[in-house]
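Colleague: sharing a sequence plus its predicted fold:
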Amino acid sequence: MSEEYALERTAAREDVATLLRGIADGVAAGSIRLGDEDAISVAVPDAVELEVEFETDDGRSLEVELEWDEETAVEAFTDETPAARRRR
């Protein structure tokens, strides 16, 4: 099953920080909730690939990317994880 979520908008620095803290808390807990009305939950495994990139080519850009394969994500949602216990 393929799910996608994208968010791109201009926001106040504190609002961006709040969103990033929510994502960080979700990563720590093993599950990230993305969106409000049509939200999706994403299982986050114990190990992920992290890429942080800062560019100044045509302006300034900071990108934070987390990647993992689908098999690892499925393993993260077994009954032993806190995120799986919350789904019950």
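Modeller: It's in. Residues are numbered from 1 along each chain as shown.
Colleague: for the longest helix that the chain contains, buried residues please.
Modeller: Among the segments of the chain that qualify as a helix by DSSP state H, the longest is helix 13-29. Neighbour-count burial for helix 13-29 flags 23, 26 (criterion: 16 or more other CB atoms under 10 Å). Quick note: C-beta positions are derived from backbone N, CA and C, even for glycine.
Colleague: how far does that helix sit from the chain's center?
Modeller: Relative to its chain's centre, helix 13-29 lies at 9 Å (CA atoms, centre = their mean, to the nearest Å).
Colleague: pull that helix out as PDB, backbone CA atoms only.
Modeller: Written as PDB, here are the backbone C-alpha positions of helix 13-29 (Å, rounded to 0.1, in the frame of the first residue of the first chain):
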ATOM      1  CA  ARG A  13       9.700  30.000  13.200                       C
ATOM      2  CA  GLU A  14       8.000  28.900  16.500                       C
ATOM      3  CA  ASP A  15       5.300  27.000  14.500                       C
ATOM      4  CA  VAL A  16       8.000  25.200  12.500                       C
ATOM      5  CA  ALA A  17       9.800  24.300  15.700                       C
ATOM      6  CA  THR A  18       6.600  22.900  17.200                       C
ATOM      7  CA  LEU A  19       6.000  20.800  14.100                       C
ATOM      8  CA  LEU A  20       9.600  19.500  14.200                       C
ATOM      9  CA  ARG A  21       9.300  18.700  17.900                       C
ATOM     10  CA  GLY A  22       6.200  16.600  17.100                       C
ATOM     11  CA  ILE A  23       8.000  14.700  14.500                       C
ATOM     12  CA  ALA A  24      11.000  14.100  16.800                       C
ATOM     13  CA  ASP A  25       8.700  12.900  19.600                       C
ATOM     14  CA  GLY A  26       7.000  10.500  17.100                       C
ATOM     15  CA  VAL A  27      10.400   9.200  15.900                       C
ATOM     16  CA  ALA A  28      11.400   8.500  19.600                       C
ATOM     17  CA  ALA A  29       8.000   6.800  20.200                       C
END
